[in-house]
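Model the structure of this input:
(chains A and B)
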Amino acid sequence: MSLIQETDFGTPKSKSEAMVTLTIDGNQITVPEGTSIMRAAMEAGTQIPKLCATDMVDAFGSCRLCLVEIEGRAGTPASCTTPVMPGLVVHTQSERLKKLRKGVMELYISDHPLDCLTCAANGDCELQDMAGAVGLRDVRYGYEGENHVFAKSHGCENDNWMPKDESNPYFTYDPSKCIVCSRCVRACEEVQGTFALTISGRGFDSRVSPGMNESFLGSECVSCGACVQACPTATLTEKSVIEIGQPEHSVVTTCAYCGVGCAFKAEMRGEEVVRMVPWKDGKANRGHSCVKGRFAWGYTTHKERILKPMIRERIEDPWQEVSWDEALNFAAAKFKGIQQKYGRDAVGGITSSRCTNEETYLVQKLIRAGFGNNNVDTCARVCHSPTGYGLSQTYGTSAGTQDFDSVEDTDVVLVIGANPASAHPVFASRLKKRLRQGAKLIVIDPRRTEMVESPHVKALHLPLMPGTNVAVLTALAHVIVTEGLADEAFVSERCDWSEFEDWAAFVAQDKHSPEATAIMTGVDPKALREAARIYATGGNGAIYYGLGVTEHSQGSTTVIAIANLAMVTGNIGRPGVGVNPLRGQNNVQGSCDMGSFPHELPGYRHIAGDAVREQFEAMWNVKLNNEPGLRIPNMFDAAIEGSFMGLYVQGEDILQSDPNTKHVVAALSAMECVIVHDLFLNETANYAHVFLPGSTFLEKDGTFTNAERRIQRVRKVMTPLNGYADWEVTIMLGKAMGFEMKYSHPSEIMDEIAALTPTFAGVSYAKLDELGSVQWPCNEKAPEGTPVMHIGGFVRGKGKFILTEYIATDERTGPRYPLLLTTGRILSQYNVGAQTRRTENVVWHAEDRLEIHPHDAEQRGVRDGDWVRLASRAGETTLRAEITDRVAPGVVYTTFHHPDTQANVITTDFSDWATNCPEYKVTAVQISPSNGPSDWQKAYDEQARNSRRIAPVVEAAE
Amino acid sequence: MSSSPDKLVYMANQIGKFFQSQGRDRAVQGISEHIWKFWDPRMRKQIFAHLDAGGAGLEPDVRDALLKLKLQA
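Below is the predicted model:
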């Protein structure tokens, strides 16, 4: 193993298909039109010296180091800003160029410290490399003159010198080492799209400035780290590199946070991670990252990780640390006892959307084949199960239609119920890049999210009342149909025409017009009509949506309405269009693909289908139950009722993440054995009897599948601190229960998946190693995978239009609960926060806040920062208020990252009609001033403290 | 809404409301198919028991769909 060195071509790749041939240093080379001379030379293997150029940003031409000579042209043009032309004859090295470059370097070095031996960039410094490349041997100017290097000059304070900015928890800014190449500024603009950095001053006074000469932490900086990656010197450096030193080997792996699925190089020293660097060849992220993926991996070695198995008879008892054997036998005996007492169907499990495909597959296999029932579900139940239902009904597949690259061909982006800038930041950066190139953006969201207004981006925002998605989307369809904007040629070719006619007649009814529905939706009919026209006629239209679509009582109906819109406008089946669910967790797509739903086997095939089930029975050598099992909310109900008494939960904190916490507490308390398999004593573990320590993504091999259906490798870079990868633990648990599963490596599990699942038939670790990643379906028909689906026709045959009647949720506001609460995420925290709260990311978000409109706040006497009581029909909690007009009057908003807030004490039992996906996004609430934590919070906190006690280990006397 | 038949009746009616706009025949077919595909047997057993006990609260389409499903079972 060695450190993976990615070639920096200096300027970005040209997409042109026209080719140009030129001569560089006597060698003919052919490259796409629009390529820079610098890049062309690098492609031919010649590295022209450079400092301000790097291929993650456009050419800038400021350092004057990359000069070349071109026959027939005067002067020495910069090779980064000079495009190739047919027949050019370029020389990259000559006496004149050598002299010029040496002179430039000499000037740079005359204002740069010479502490190379103790510098954090030692071994990874482009300035040092270039000084070497140009043969700099002497700096004739000395260091006595004006400089930015020394705190004191000639015994006086040096006003040009600035101290280090160490405010950001993950990287430092050392102005004395800055060469003002502005790579960081351009990375912030072009790659990340935040525009937090600028160069202040001119000439010798030029400085990199976060915001208006603020600290990095105090500025708009979102800590994505693109600037750190772009910096050629030690000016911007990861604190981990400063502390540890340069890495010596690296391994390509996949981020374990959101569903974007960024590929990273884990740069290592032994088994210690030095830093995570986004991998340029990662097809989801194309070399970019966010603050979570790049920096927030400290949880993997956090002191609160539980590394030894633990058991207890009652949840009131302290935990007892025991051996793996003892814990597994205890769990197995409990589960077998429950099945004997209450029946075979009285136990089940939950697969993890954070674990690998292979691990998820094994858990559902253990449940279906080992437990002998289909009581298996996954966290997708509470996020994207309506996507699975809606898209399979209309198109025939339970997944998004595009790859992320598709956004580069999009002309109109419709974002519904999603805030990618916070929840899918790397995709948001790619989207914003396209928007800055001129694509149009429509945002349908109750809240003015970061997507609505960001630098150089202005969206057409339709701020709807929470819970009225179907009315708004049907009104969009009304406008498209009644104004004659439908793509009838597409519909007649690809969709069922008579279903389309029924649907068109349905949406054309006056009651679905924007004017008629405005009273419910709160959306300006004019703006809605404009949005419909832009989407239908503005070129390639793509829909991106999130949990603001699915987590409603009409979640599945909304997904269907989205699918209808894409079909009626012909926006399906080519790059730049499509329906794209933004998946929440790293492997939520994969966990669904792997048969985590109680009614279907891997590959979305219903358990009642004899032919498919028999294949699994033959492979697993066991008879399978042909009836669907319980979904998560049904498990809770069955537990309270007494027919479901044992649950194995791998890598999910259902107590914190599922709605109506009191109901979940009642259900978990009713169970006789809850096995939690996780990294930390999470909230669910407060009600558990067995704790099996889990492993992190750095400690195991496997694959994750992201929101684009892209299957990517997760590679082990360190030994599991807990002793075993999660797939090994599931095998051991099965064995303790008398169910043998034999695999020596996750690749063998993938081989079994491929053998049983037609859409995965072509997937193997060998292929993933060869291609980097593949998007399913990957089989004989598509050996390298399928970036865009439904090309030429829908998977189900004809696209199916389905009627979408708006039915208001039964969660209604009234005199006692007059406001609507909706929930969402923030950039720095992830989901229930179990990982990110155990990192420095807490500096950005230490607590959940309640956003409330100034009007509603004033009526209730609430000031910014005040503690408020937030009460719904389900429960109450307290948190601090943030007064903002991002939310409309009548709407309040909070995040759900912190267990002490317990936002889900408030959310109710209402759920999607088709899938039981909870209605997180609409809860009627009242707000009032408060003095501190509610009784529930106090009782909960006490229970949690009590439950987390671990009994001291008593050493046996000799 | 925690007592079981009430919750199941609510869920079944919720499914019924989605299919309502498709007309009675397709609605009955759609509802019964949906419940067959996605409900665990113990949930179906409970709602059938409720149906046998008079089926209070069930919408007409839903009632028909459950009758149809029960005959198939």
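
which ones are touching residue A:628?
Going by CB atoms under 8 Å, 6 or more residues apart in numbering or on different chains, residue A:628 touches A:374, A:598, A:599, A:606, A:607, A:608, B:37, B:38, B:39, B:40, B:41. C-beta: built from backbone N, CA, C; applies to glycine.

now residue A:263
A:252-255, A:278-279, A:281-285, A:712, A:772-773.

Check the chain for its longest helix and report it.
Going with chain A. In chain A, taking DSSP state H as the definition, the longest helix is helix A:324-342.

wait, I meant chain B there
helix B:4-20.

Identify the residue nearest the most centrally placed residue in chain A in space, chain neighbours excluded?
In chain A, the residue lying closest to the centroid (CA atoms, centre = their mean) is residue A:258, at 2.3 Å. In space, and not counting its chain neighbours, residue A:258 is closest to residue A:424: 5.6 Å by CB to CB, 6 or more residues apart in numbering or on different chains.

how far away is that neighbour from chain B?
According to CB to the nearest CB, to the nearest Å, residue A:424 and chain B sit 29 Å apart.

again with residue A:290
36 Å.

same deal with residue A:909?
6 Å.

for that residue, helix, strand, or coil?
coil (DSSP: H, G, I helix; E, B strand; the rest coil).

Could you give the number of residues near it?
Neighbours of residue A:909 under the rule other CB atoms under 10 Å in any protein chain shown: 20.

ok, then the element right after whichever helix or strand residue A:712 is part of?
Assigned by DSSP states H and E, residue A:712 falls within strand A:710-714. Using DSSP H and E, the helix or strand that follows strand A:710-714 in sequence is helix A:726-736.

how about the following helix or strand past that following helix: buried residues?
Moving toward the C-terminus from helix A:726-736, the next helix or strand (DSSP H and E) is helix A:746-756. Buried residues in helix A:746-756, defined by neighbour count with 16 or more other CB atoms under 10 Å in any protein chain shown: A:746, A:747, A:749, A:750, A:752, A:753, A:754, A:756.

do stretch A:212-227 as well
A:216, A:219, A:221, A:222, A:223, A:224, A:225, A:226, A:227.

Please report the separation between the first and final residues of that stretch.
One end of stretch A:212-227 sits 17 Å from the other (CA to CA, to the nearest Å).

ok now it, how far from the chain's centre?
21 Å (CA atoms, centre = their mean, to the nearest Å).

what's the model's confidence in it, averaged?
The average pLDDT for stretch A:212-227 rounds to 95.

what does stretch A:85-101 give?
Mean pLDDT, stretch A:85-101: 96.

Can you show me the CA trace of that stretch as CSV?
Output of stretch A:85-101 as CSV, limited to C-alpha atoms (Å, rounded to 0.1, in the frame of the first residue of the first chain):
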residue,chain,number,x,y,z
MET,A,85,-5.0,25.5,-31.1
PRO,A,86,-4.4,23.2,-34.0
GLY,A,87,-0.8,23.1,-35.1
LEU,A,88,0.6,25.1,-32.2
VAL,A,89,4.3,24.4,-31.4
VAL,A,90,4.9,24.8,-27.7
HIS,A,91,8.2,24.8,-25.7
THR,A,92,7.9,24.3,-22.0
GLN,A,93,11.5,24.8,-21.2
SER,A,94,14.0,27.3,-22.5
GLU,A,95,16.8,29.6,-21.2
ARG,A,96,14.3,32.5,-21.2
LEU,A,97,11.6,30.5,-19.3
LYS,A,98,14.1,29.2,-16.8
LYS,A,99,15.2,32.7,-15.9
LEU,A,100,11.7,34.1,-15.7
ARG,A,101,10.5,31.2,-13.5
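
Give me the number of neighbouring residues for the residue lying closest to residue A:927 once chain neighbours are set aside.
Closest residue to residue A:927 apart from its sequence neighbours, by CB to CB, 6+ apart: residue A:868 at 5.2 Å. Neighbour count for residue A:868, taken as other CB under 10 Å: 24.

so what secondary structure elements neighbour the strand or helix carrying residue A:868?
In this structure, residue A:868 sits in strand A:867-872 according to DSSP H and E. Applying 3 or more CB pairs under 8 Å, 6 or more residues apart in numbering or on different chains; DSSP states H and E, we find strand A:867-872 packed against strand A:849-852, strand A:876-883, strand A:923-929.

Could you rerun that using 6 Å?
Helices and strands touching strand A:867-872, as assessed by 3 or more CB pairs under 6 Å, 6 or more residues apart in numbering or on different chains; DSSP states H and E, comprise strand A:876-883, strand A:923-929.

Report the buried residues of that strand.
For strand A:867-872, the neighbour count (16+ other CB under 10 Å) marks A:868, A:869, A:870, A:871, A:872 as buried.

Redo the residues you listed as a markdown table? Include distance to residue A:805.
Listed next are those as a markdown table, based on distance: CB to CB, whole Å:
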| residue | distance to residue A:805 |
| --- | --- |
| A:868 | 37 |
| A:869 | 37 |
| A:870 | 32 |
| A:871 | 32 |
| A:872 | 27 |
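
ok, the residues you listed vs residue A:364, which is closest?
residue A:872 (34.1 Å; CB to CB).

Show me what that closest one is bridged to.
residue A:925 (DSSP bridges).

Distance check, it against residue A:773.
According to CB to CB, to the nearest Å, residue A:872 and residue A:773 sit 43 Å apart.
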